[in-house]
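In: okay, predicted coordinates and the sequence, questions at the end:
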Amino acid sequence: MARVLLADDNPTSRLTLQTVLEAGGYRVDSAASAAEAVGLMDQSEYELVLSDLSMESPEAGLKVLAHARMKDYHPATALVTSWHGEGHGEIRKAKTQVLIEPEDLPELLGQVATLIGTRASRQAGRRAGR
């Protein structure tokens, strides 16, 4: 069972996404802030870190994902946002996978599975290259 960290300051969104991910077979830890997410990443290993873009600051989600990418266990990372508008270019420059409209649950679960599968392939390649 893959472990997922979900960071979102909106309690309704966080609980809904956590419930959907758990129903999809994932073990989910959730964080209500970037600081809480960073602390959880420092205590446990995750196959995937999902973060809302804006939490306590407009860039909080990007900071969560940047911290995740520094971890030795190399989790897959993605933003979860239903926000539509300009600014996605900045997210793309940060080399961040954007999952838009989490209310499309089958697509969301498919993207999560793809991200975790891609991470597993990268991990296997790293081990084979040693």
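Out: Received the coordinates, thanks. Note that this is a predicted model, so its numbers are computed, not measured. Numbering: from 1, shown residues only.
In: contacts, neighbours, all on C-alpha from now
Out: OK.
In: which residues of this structure score low on pLDDT?
Out: Across the chain, residues meeting the criterion (pLDDT under 70) sit at 82-103, 130.
In: which helix of it spans the most residues?
Out: Taking DSSP state H as the criterion, the chain has its longest helix at helix 105-128.
In: helices along the protein, start to end?
Out: Under DSSP H, the chain gives helices at 11-23, 34-43, 60-70, 88-93, 105-128.
In: that older thread, which residues are in contact with the longest helix of the chain?
Out: 2, 20-21, 24, 47-48, 74-77, 99, 102 (C-alpha atoms under 8 Å, 6 or more residues apart in numbering).
In: the residue nearest in space to the middle of the chain bridge partners, please.
Out: Centroid-nearest residue in the chain: Leu50, 1.5 Å away (criterion: C-alpha atoms, centre = their mean). Leu50 has these beta-bridge partners by DSSP bridges: Leu6, Ala78.
In: from Arg127, how far out is it?
Out: Distance of Leu50 to Arg127, computed by C-alpha to C-alpha, to the nearest Å: 25 Å.
In: now swap in Val4 and tell me
Out: 22 Å.
In: who has more neighbours out of the two?
Out: Legend: neighbour count by other C-alpha atoms under 10 Å for Val4 and Arg127, higher for Val4 (25 against 9).
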